[in-house]
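Novice: All I have is the shape, not the residue letters:
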């Protein structure tokens, strides 16, 4: 799937995935492999992980394909499961090629890719930023299914060079068909599939509004989810997929219904996440460091807390910055530490005991806004940040709690 697909990729901006997709709050950036699974390599500098869920689907493919081999090549005996395991690995290698197509295109457009993950229903390429134009969006989505079609063609040519009815012939035929299915499925015009991203790009181009494209493609995706939930079991049960109706038993019916439900849930959830992500990106520009910053007063390290708070109240400030004898900021007084000090003890507690030493990561520009602001806060997790003017003068203190509150309020407002 595409930036959220079952063979392709989920585009997950760091403001998520807005992470989405990941609804709200400023969260620290996880290490590259945290929760990613087993690291398999770094093609083009992008880490590729195999999630634990992959082993489940690999076992399922091995079992199902092994049963088919028993009918086509009964002489294999128990070795059919070894051949089936090879098919499962080769199929996911094809999925990896699909994902690498998205990745290479993203890197070509200078869009950072966090990682590729192979999991239960295909692969996920986590692209951290959105494309700037609908044309690039269309290309980025299309290259995945295109590579799957190319692979299907390569496997078809390989079939011409081997004897039909042999192990290589059956494997190549299976890989050709599976890549055709991956390409066709991902070209369906609904989010989170690649075809949905392509539809989004087309509507975006026509209307000039990315959000309009997302809404249209997401609702088509939800319609696809309902179609899969109802239509896939019906197609199988009626023999429309080429299977004999007399061979369809109760277990096959249950399995088909379960598979349809899982696929439908993935598509429906992905479409909803895409809508939330689009709304997040639409409201991100409303988050400005300058407007969210609290006014601060400078105090010496040995200043009693009660005196520091008195000065802040007189100045109408809500934050304290510890400075040295030259007026250079050295630390921030933590709000939670102030609240924890009983009022009767505040005259005897120096602000230095409640302060956190400043690091370069805790200094942010007053001009930061939107995704750039969130990225900076994630890269350097803290509860407060010193906000500076371009001249280096102290503008105030930015609280993570204020950013999160503004984020939630922005997300609650309807989209324009």
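Specialist: Done, it's in. Here the structure is a predicted model, which is why all the values come from computation and not from measurement.

Novice: pLDDT of the helix or strand harbouring residue 146, averaged?
Specialist: Using DSSP states H and E, residue 146 sits within helix 134-160. The average pLDDT for helix 134-160 rounds to 96.

Novice: how about that helix: buried residues?
Specialist: Buried residues in helix 134-160, defined by neighbour count with 16 or more other CB atoms under 10 Å: 134, 136-149, 151-152, 155-156, 158-159. Placement of C-beta: from N, CA and C, glycine included.

Novice: One more: stretch 50-68?
Specialist: Buried, per 16+ other CB under 10 Å, within stretch 50-68: 50, 51, 54, 57, 58, 61, 62, 65, 66.

Novice: Once you drop chain neighbours, what's closest to the fourth one?
Specialist: Okay, so that is residue 57. residue 120 (5.1 Å; CB to CB, 6 or more residues apart in numbering).

Novice: show me what contacts that neighbour?
Specialist: By CB atoms under 8 Å, 6 or more residues apart in numbering, the contact set of residue 120 is 51, 53, 54, 56, 57.

Novice: just checking, the first one touches residue 116?
Specialist: No. Residue 51 is beyond contact range of residue 116, at 10.8 Å (criterion: CB atoms under 8 Å).

Novice: neighbours around the residue nearest to residue 232 when sequence neighbours are not counted, how many?
Specialist: Take residue 232 and drop its neighbours on the chain: the residue closest to it by CB to CB, 6+ apart is residue 260, 4.0 Å away. By other CB atoms under 10 Å, the residues close to residue 260 number 21.

Novice: what's the distance between residue 260 and residue 233?
Specialist: Counting by CB to CB, to the nearest Å, the separation of residue 260 from residue 233 is 5 Å.

Novice: What of residue 345?
Specialist: From residue 345 to residue 233 the distance is 69 Å (CB to CB).

Novice: Pick out whichever of these two has more residues nearby.
Specialist: Per other CB under 10 Å, whichever of residue 345 and residue 233 has more neighbours is residue 233, with 20 against 10.

Novice: and the more buried one, what pLDDT?
Specialist: 79.

Novice: do the same with the one 4 residues further on
Specialist: Note on residue 237: pLDDT of 66.

Novice: Can you list the helices and strands that the next helix or strand after the helix holding residue 146 packs against?
Specialist: Using DSSP H and E, the helix or strand that follows helix 134-160 towards the C-terminus is helix 167-186. Where contact means 3 or more CB pairs under 8 Å, 6 or more residues apart in numbering; DSSP states H and E, helix 167-186 is packed against helix 52-72, helix 80-108, helix 134-160.

Novice: got the phi/psi numbers for the residue nearest to residue 57?
Specialist: For residue 120, the backbone dihedrals (degrees, to the nearest 10) come out as phi -60, psi -60.

Novice: Could you check the pLDDT of it?
Specialist: Confidence score, pLDDT, at residue 120: 77.

Novice: How much space separates it from residue 49?
Specialist: 13 Å.

Novice: now residue 285
Specialist: Counting by CB to CB, the gap from residue 285 to residue 49 is 33 Å.

Novice: between the two, who's got more neighbours?
Specialist: The neighbour comparison of residue 285 against residue 49 (other CB under 10 Å) goes to residue 49, with 20 against 12.

Novice: That one is in what secondary structure piece?
Specialist: Residue-wise, residue 49 maps onto strand 48-50 under DSSP H and E.

Novice: other SSEs contacting that strand?
Specialist: Using 3+ CB pairs under 8 Å, 6+ apart, strand 48-50 sits against strand 38-41, strand 113-119.

Novice: hey, which of these is tucked in deepest?
Specialist: strand 113-119 (a mean of 23; mean count of other CB atoms under 10 Å).

Novice: Would you list the phi and psi of residue 267?
Specialist: Dihedral angles for residue 267 - degrees, to the nearest 10 - are phi -70, psi -50.

Novice: Over to the one 3 residues further on?
Specialist: Note on residue 270: its backbone torsions stand at phi -60, psi -40 [degrees, to the nearest 10].

Novice: same deal with residue 300?
Specialist: Dihedral angles (degrees, to the nearest 10) for residue 300: phi -80, psi 160.

Novice: What pLDDT does the model give it?
Specialist: So residue 300 comes in at 95 (pLDDT).

Novice: circling back: and the residue nearest to residue 232, that one's in a helix?
Specialist: Yes. Going by DSSP: H, G, I helix; E, B strand; the rest coil, the assignment for residue 260 places it inside a helix.

Novice: how close does it get to residue 38?
Specialist: From residue 260 to residue 38 the distance is 30 Å (CB to CB).

Novice: lowest confidence element among the helices and strands of this protein?
Specialist: helix 250-283 (a mean of 78; mean pLDDT, DSSP states H and E).

Novice: Tell me what angle that one forms with helix 167-186.
Specialist: Following axes from the mean of the first three to the mean of the last three CA atoms, to 10 degrees, one obtains 50 degrees for the angle between helix 250-283 and helix 167-186.
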